[in-house]
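[1] below is the sequence, then the predicted model.
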Amino acid sequence: MAKEHKRPDGRKFDELRKMIAKVGVVPNADGSAMFAFGDTVAIAAVYGPRQLHPQHMQDPSTGILRCNYDLLSFSVYDRKKPGPSRRSQEISKVTEWALLPAVDLSAFPNTVVDVQIYILQADAGTRTAGINAASMALAHAGIPMKDLVCSVALGKNDQQLIVDLTKEEEDYHEGEGATDFAIAKLANHDEWTLMQMDGKIQPERVKELLELANKVCAEICTVQTKALKSVVETGDEK
Amino acid sequence: MRNEINEAHEAVEDSGDSSDTKRKIVVPGEVIVEGEDYLPGEGTRREGSKIVASKFGLAEEAGRVIKLIPIFGAFVPRRNNVIIGRVTDLTYSGWLVDIDSAASAFLPIEESPRFINRNEMDQYLAIGDVISAKIWTVKGKGIDLTLKGKGLGKLEDGFIFRIIPSRVPRVIGREGSMVNMIKEKTGCQITVGQNGWIWIKGPSTDAEIKARRAVEFVADKVHINGLTDKVEAWFEENE
């Protein structure tokens, strides 16, 4: 039996960090949202559908989705050099793939929907916070969507499965060490749109992990839905 | 009257002030109703026995049909929409017009109401001029406009501003009731473009600003029933 594992911030194993969601944070965007998991804060802005340049990228059968993820230079302890990097390009791409099954741009041929995701503060799980923010921003921009996308990083410290790892937990070194398992899924469908892993896990435990993911994604979806609906109640958007 | 066309056209699409229909705010993927009796309308789809929202907006039951009124989102051009645009370029055969949509709009020289000499096009419409025009065709790559029609043409003086395009039916109201009321109360001329651009010209700057505030007030309150009364109250407060 594994010896008792305690999380550094005293959370339960299946407890998410405090989530904050807000819609309509960027006045000049067509849709925007902020999403925070504890100290990880992401904002997303959606522009479009608009004319796509360069023209050779245009698709006459459907609109295309273009995501850009970036860490702002002050979001981490050691200043991050601004501008695209290998890591941010990869995350931009997987974010795009995570969101694509949810959106339907067939009504806007030859156009592009741009999604800009910026991480204001990073404490692990930035790509998942970014996806959550982007899915809210897309809904806010009035883009036809099949569903909202919920995303969370799960993982394992030694033998204990945990959800929503902090940076400290990602750097855990005892026993089997740390595993980081980022997923995204459609909120009301059994469809996974992102699955990435860093570390090691026993194949039979992945199932357990996904069940955990289903459970916490429902919580995330509730937060997203509430934030979206509140923007109409107060009538303050634009 | 400048916007007779907009209003006559919009009366059909209006989702305005019907007070009895039940509305609720839904997010994409949310189940609106369950049951085989219902039919999915605009912005919704059927998944098994459920009717599910495909957009963020207000879901409304109209008999058996469930439809979704979007409250955010870009302008989707349709034929016969009256829009307000700004001339961005002159070509040998017409004008390019920015109408705030993904596809670019073109106004051929033949579609102006009177004959225009090709060499003197800029004397009729120059870059930066604002026009109200009607969408003649929507093709894959572009939109063609026309100026032939009542109330269409160059908009002189006054100013334009922008609201969210999906709120336009609300601002116009049932058969133009809302915009007519604002016109009456402020004495301004108002043209509402389907693309969310609004042009106002009034007897004084104060009246123009008041009209703009009133329009923005209406555009902000999409979800409220009996909006006409609320706007009347607003006018009394801001006398």
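    Okay, I see it. Residues are numbered from 1 along each chain as shown, chains lettered A, B, ... in the order given.
[2] helix/strand/coil for residue 208?
    No chain in the question, so chain A it is. The three-state label given to A:Glu208 by DSSP: H, G, I helix; E, B strand; the rest coil is helix.
[3] actually it's chain B I care about, not the one you picked
    Assigned state for B:Glu208: helix (three-state reduction, three-state DSSP).
[4] in this structure it contacts B:Ile190, no?
    No. Judged on CB atoms under 8 Å, B:Glu208 makes no contact with B:Ile190 at a distance of 9.6 Å. (Each C-beta comes from the backbone N, C-alpha and C, glycine too.)
[5] what's the overlap in contacts for those two?
    B:Ile200 (CB atoms under 8 Å, 6 or more residues apart in numbering or on different chains).
[6] enumerate the residues of chain B near chain A.
    For chain B, the residues in contact with chain A (CB under 8 Å from any CB of the partner chain) are B:25, B:27-31, B:43, B:52, B:54-58, B:70-74, B:76, B:102-104, B:140-141, B:164, B:166, B:220-223.
[7] residues near the residue in chain A that chain B sits nearest to, how many?
    Using CB to the nearest CB, the single residue of chain A nearest to chain B is A:Gly142, 2.2 Å away. A count of neighbours around A:Gly142, defined by other CB atoms under 10 Å in any protein chain shown, yields 24.
[8] just to be sure, it is in a helix?
    No. Counting by three-state DSSP, A:Gly142 is not part of a helix but coil.
[9] do you know the pLDDT at it?
    A:Gly142 carries a pLDDT value of 93.
[10] and what of the one 4 residues further on?
    Looking at A:Lys146, its pLDDT stands at 94.
[11] residues touching the nearest residue to B:Val130 once chain neighbours are set aside, list them.
    Excluding the flanking residues, the one nearest B:Val130 by CB to CB, 6 or more residues apart in numbering or on different chains is B:Leu155, at 4.7 Å. B:Leu155 sits next to B:84, B:130-132, B:191, B:199, B:201 when contact means CB under 8 Å, 6+ apart.
[12] before we move on, what about B:Glu156?
    Neighbours of B:Glu156 in contact, by CB under 8 Å, 6+ apart: none.
[13] need the residues of chain A near chain B, please.
    So chain A meets chain B at A:30-31, A:48-51, A:60, A:63, A:102, A:104, A:107-111, A:139-148, A:186-189, A:224-225, A:228-229, A:232-233, A:235-238 (CB under 8 Å from any CB).
[14] okay, and which of those residues map to strands?
    Counting by DSSP state E, the residues of chain A next to chain B place A:31, A:48-51, A:111, A:186 in strands.
[15] nearest residue to the residue of chain A closest to chain B other than its sequence neighbours?
    In space, A:Gly142 is closest to B:Gly73, 2.2 Å off (CB to CB, 6+ apart).
[16] how close does that neighbour get to B:Leu125?
    Distance of B:Gly73 to B:Leu125, computed by CB to CB, to the nearest Å: 29 Å.
[17] could you do A:Lys215 as well?
    In terms of CB to CB, A:Lys215 sits 61 Å off from B:Leu125.
[18] more crowded one of these two?
    The residue with more neighbours, out of A:Lys215 and B:Leu125, is B:Leu125; 22 against 11, by other CB under 10 Å.
[19] returning to what we had before: the residue of chain A closest to chain B and B:Pro70 touch, don't they?
    Yes. Between A:Gly142 and B:Pro70 there is a contact under CB under 8 Å: 5.1 Å.
[20] now for these two: what residues contact both?
    The contact lists of A:Gly142 and B:Pro70 share B:55-57, B:166, where a contact means CB under 8 Å, 6+ apart.
[21] who wins for neighbours among the residues you listed?
    Busiest of the shared contacts of A:Gly142 and B:Pro70 [other CB under 10 Å] is B:Phe56, holding 33 neighbours.
[22] what's that residue sitting at in phi/psi?
    B:Phe56 adopts backbone torsions of phi -90, psi 120, taken as degrees, to the nearest 10.
[23] confidence score at it?
    With respect to pLDDT, B:Phe56 has a value of 94.
[24] B:Asp229 now?
    What the model reports for B:Asp229 is a pLDDT of 85.
[25] so it sits in a strand?
    No. B:Asp229 is assigned helix when assessed by three-state DSSP, not a strand.
[26] what about it, distance to chain A?
    17 Å (CB to the nearest CB, to the nearest Å).
[27] likewise B:Ser132?
    For B:Ser132, the distance to chain A - CB to the nearest CB - is 22 Å.
[28] tell me the contacts of that residue?
    Contacts of B:Ser132 by CB under 8 Å, 6+ apart are B:2, B:82-85, B:151-153, B:155, B:191, B:193, B:199.
[29] in strands only, show me those.
    With strands taken from DSSP E, the overlap with the contacts of B:Ser132 comprises B:82-85, B:153, B:191, B:199.
[30] what's the neighbour count on A:Arg11?
    18.
[31] what sits against it?
    Neighbours of A:Arg11 in contact, by CB under 8 Å, 6+ apart: A:Arg17.
[32] domain map for chain B?
    Using automatic domain parsing, the domain parsing of chain B gives B:19-70, B:82-154, B:159-237.
[33] end-to-end on the longest one?
    For domain B:159-237, the first and last residues are 25 Å from each other (CA to CA, to the nearest Å).
[34] please name the residues that touch residue 44.
    Assuming you mean chain A. Contacts of A:Ala44 (CB under 8 Å, 6+ apart): A:32-35, A:115-118, A:130, A:133-134, A:136-137.
[35] my question was about chain B
    By CB under 8 Å, 6+ apart, the contact list for B:Thr44 reads B:32, B:51-54, B:59, B:66-68.
[36] can we see that at 7 Å?
    Going by CB atoms under 7 Å, 6 or more residues apart in numbering or on different chains, B:Thr44 touches B:32, B:51-54, B:66-68.
[37] tell me the pLDDT of the residue most central in space within chain B.
    Centroid-nearest residue in chain B, with CA atoms, centre = their mean: B:Gln194, separated by 2.5 Å. pLDDT, B:Gln194: 94.
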